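Student: Give me a model of this one.
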Amino acid sequence: MTDRIYSTDSYLTRFTARVLERLTWNGHPAVILDRTAFYPTSGGQPSDRGWLGGTPVIGAEIREPDGAIVHILEADLPGDEVTGEIDWPRRFDHMQQHTGQHLLSAACEQLLDAETVSFHLGAEVSTIDLNVPRLAREALEEVEERVNQVIWEDRPVRAYFVRPEEVAALPLRRPPPVEGPIRLVEVAGDEGSRPFDLNPCGGTHVARTGEIGLLKVLRLDYRGQETRVEFVCGGRALRDYRRKNDVLQNLAALLTVGYWELPEAVGRLQDEVKGVRREARSLRERLVEAEAARLVGTAVAVGPLQVARAVEENWDPADLRALAQNVASHPGTIALVASIGEERVHLCVACAEGVPADATALLRAVAERLGGKGGGQARFAQGSAPAAPRQRVEEALEEEVRRLTEGVQ
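Tutor: Residues are numbered from 1 along each chain as shown. Model prediction:
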């Protein structure tokens, strides 16, 4: 069994060890050492990274069933006596997040009677899942205040082992998941009181709560019978604040207001946008009506029918549909219309009621000439084809008009 140095000293970043076994792990070279400071992925906390003798360690996992710690390497490791070095910024970040989680879970239980059922320490944010279906944001604000009070009081955090028979007498937040000696993490309570948190845990933690710096709850996600709480601590909280402050300052500069005036400024913009959208919708409707009238006036006579065709530029598919249907509202009329976009050519065919033609058949004939496809019903069909030059699209529509003319003759 590998001696797990991190269990007793989360701050040790450099150590010497001997290689006990070499193996391949998920396609990567790997080794098992007689002792290690590398924390393996476990309990919602990702593994440490670092180096063994200069060779990058890209992860560490626990091998079942013997519990050996497998150090996954970027390349083969030379020699059997090695010096290991932990990626300290990554380790300390994980220590901040994990200890912050202990405080957050304890405060949720104390103030909200909500127990933590799972924890995940992610690359950007961390989460806990609480066994309650819904929590008000205001309730978490009280929890957040309590956690940060404990952080700023710089309380000691202690990790130690106890015998199984001692566990029953301890005020643990949850029972230990393993047998044998139990590693506990304790956050001191107020003077003379029980611990603020006492919990079985194998992870790495700071020695004093002040090292967490700050905990900030970012959002709540309601997931059936549970509530997921997303949070950040320490350096992550600083980076989160910096990013959001930059966004606020940039937005305020764009709108030429103070950041505290942004809600009112955005509200005004929303009202303006609604007005612009209404105006734009009215203008589009008028454009469609005017273009439809033009097409009907220039339609080609095919026997008793009138065939109107047009190739537009960058028309929205919804407007193109409205154009075709508007044209076909005139008795005895068939509309063949297309819109050329950067990536696709959109096609619409509409037939007035009583016209002896099938819009779907006409549409498919045009679409096939352009390498596209589509479908619909007897009176209206739509489709698309890959982008094509205007001349080619016009020729495809003209060919269909010729075919209709020949059919009438």
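Student: In the protein, spot the strand with the most residues.
Tutor: strand 14-25 (DSSP state E).
Student: pLDDT of that one, averaged?
Tutor: For strand 14-25, mean pLDDT is 96.
Student: Give me the packing partners of it, helices and strands only.
Tutor: Here strand 14-25 touches strand 28-33, strand 35-36, strand 68-73, strand 81-86, going by 3 or more CB pairs under 8 Å, 6 or more residues apart in numbering; DSSP states H and E. Placement of C-beta: from N, CA and C, glycine included.
Student: hmm, try it at 10 Å
Tutor: Packing partners of strand 14-25 (3 or more CB pairs under 10 Å, 6 or more residues apart in numbering; DSSP states H and E): strand 28-33, strand 35-36, strand 50-52, strand 55-63, strand 68-73, strand 81-86.
Student: angle of the fourth one against strand 68-73?
Tutor: Read that as strand 55-63. Relative orientation of strand 55-63 versus strand 68-73 (axes from the mean of the first three to the mean of the last three CA atoms, to 10 degrees): 150 degrees.
Student: contact partners of stretch 270-278?
Tutor: Outside stretch 270-278, no residue is within contact range by CB atoms under 10 Å, 6 or more residues apart in numbering.
Student: thinking again about what came up before, export the longest strand of the chain to CSV, keeping only CA atoms.
Tutor: Only the C-alpha atoms of strand 14-25 are listed here, as CSV (Å, rounded to 0.1, in the frame of the first residue of the first chain):
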residue,chain,number,x,y,z
ARG,A,14,8.2,17.9,-3.1
PHE,A,15,9.1,14.3,-2.1
THR,A,16,11.2,11.3,-3.0
ALA,A,17,9.9,7.8,-3.7
ARG,A,18,10.7,4.4,-5.2
VAL,A,19,8.9,2.9,-8.1
LEU,A,20,7.1,-0.3,-7.1
GLU,A,21,5.3,-1.1,-10.4
ARG,A,22,5.2,0.0,-14.0
LEU,A,23,2.0,-0.3,-16.1
THR,A,24,-0.1,1.2,-18.8
TRP,A,25,-3.2,3.1,-17.8
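Student: Looking at the helices and strands packed on strand 14-25, spot the one closest to G234.
Tutor: Closest approach to G234 among the helices and strands packed on strand 14-25 (CB to CB): strand 81-86, 17.3 Å.
Student: quick check: mean pLDDT across the helix or strand that that closest one is followed by?
Tutor: Next helix or strand after strand 81-86 toward the C-terminus (DSSP states H and E): helix 88-112. Throughout helix 88-112, pLDDT has a mean value of 97.
Student: one step back: would you mark the buried spots in the longest strand of the chain?
Tutor: Neighbour counts using 16 or more other CB atoms under 10 Å place F15, A17, V19, W25 of strand 14-25 among the buried residues.
Student: related to what we said a few turns ago, for the helices and strands packed on strand 14-25, state which one has the densest average packing.
Tutor: Ranked by mean neighbour count, these are led by strand 68-73 with a mean of 23 (mean count of other CB atoms under 10 Å).
Student: Confirm A385 sits in a helix?
Tutor: No. A385 is assigned strand when assessed by DSSP: H, G, I helix; E, B strand; the rest coil, not a helix.
Student: Give me the nearest residue to E398, chain neighbours excluded.
Tutor: For E398, ignoring the flanking residues on the chain, the nearest one in space by CB to CB, 6 or more residues apart in numbering is R309 at 7.4 Å.
Student: A helix includes the one you found, no?
Tutor: No. Assigned with three-state DSSP, R309 falls outside any helix and is strand.
Student: since we're on it, how many residues are nearby?
Tutor: Residues near R309, counting by other CB atoms under 10 Å, number 22.
Student: do P164 as well
Tutor: P164: 12 neighbours (other CB under 10 Å).
Student: Tell me how this protein divides into domains.
Tutor: 3-86, 92-243, 282-408 (automatic domain parsing).
Student: Columns distance to L255 on top of those, output as TSV?
Tutor: Below are those laid out as TSV (distance: least, CB to CB, whole Å):
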stretch	distance to L255
domain 3-86	40
domain 92-243	19
domain 282-408	26
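Student: mind checking which of the ones you listed is nearest G267?
Tutor: When these are compared for distance to G267 using CB to CB, the nearest one is domain 92-243, at 20.8 Å.
Student: got the end-to-end distance for that closest one?
Tutor: Using CA to CA, to the nearest Å, the end-to-end distance of domain 92-243 comes to 21 Å.
Student: now swap in stretch 227-243 and tell me
Tutor: Terminal-residue distance, stretch 227-243 (CA to CA): 26 Å.
Student: ok so, going back, P200 is nearest to which of the helices and strands packed on strand 14-25?
Tutor: Nearest to P200 among the helices and strands packed on strand 14-25 is strand 55-63; the distance by CB to CB comes to 16.4 Å.
Student: thinking again about what came up before, possible to save the helices and strands packed on strand 14-25 as TSV with distance to N314?
Tutor: Shown next, in TSV, are the helices and strands packed on strand 14-25 (distance: least, CB to CB, whole Å):
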stretch	distance to N314
strand 28-33	51
strand 35-36	62
strand 50-52	55
strand 55-63	49
strand 68-73	52
strand 81-86	57
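Student: Looking at the ones you listed, which is nearest to L269?
Tutor: Taking CB to CB, strand 55-63 is the member of the helices and strands packed on strand 14-25 nearest to L269, at 47.0 Å.
Student: For that closest one, which helices and strands make contact with it?
Tutor: strand 14-25, strand 28-33, strand 50-52, strand 68-73, strand 81-86.
Student: Could I get the CA-only coordinates of that strand as CSV?
Tutor: Extracted in CSV, the C-alpha atoms of strand 55-63 (Å, rounded to 0.1, in the frame of the first residue of the first chain):
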residue,chain,number,x,y,z
THR,A,55,8.3,13.7,-16.4
PRO,A,56,4.8,15.3,-16.4
VAL,A,57,2.2,13.6,-14.3
ILE,A,58,-1.2,14.2,-16.0
GLY,A,59,-3.3,12.5,-13.4
ALA,A,60,-3.6,10.1,-10.5
GLU,A,61,-6.2,7.4,-10.0
ILE,A,62,-7.0,4.7,-7.4
ARG,A,63,-6.7,1.2,-8.7
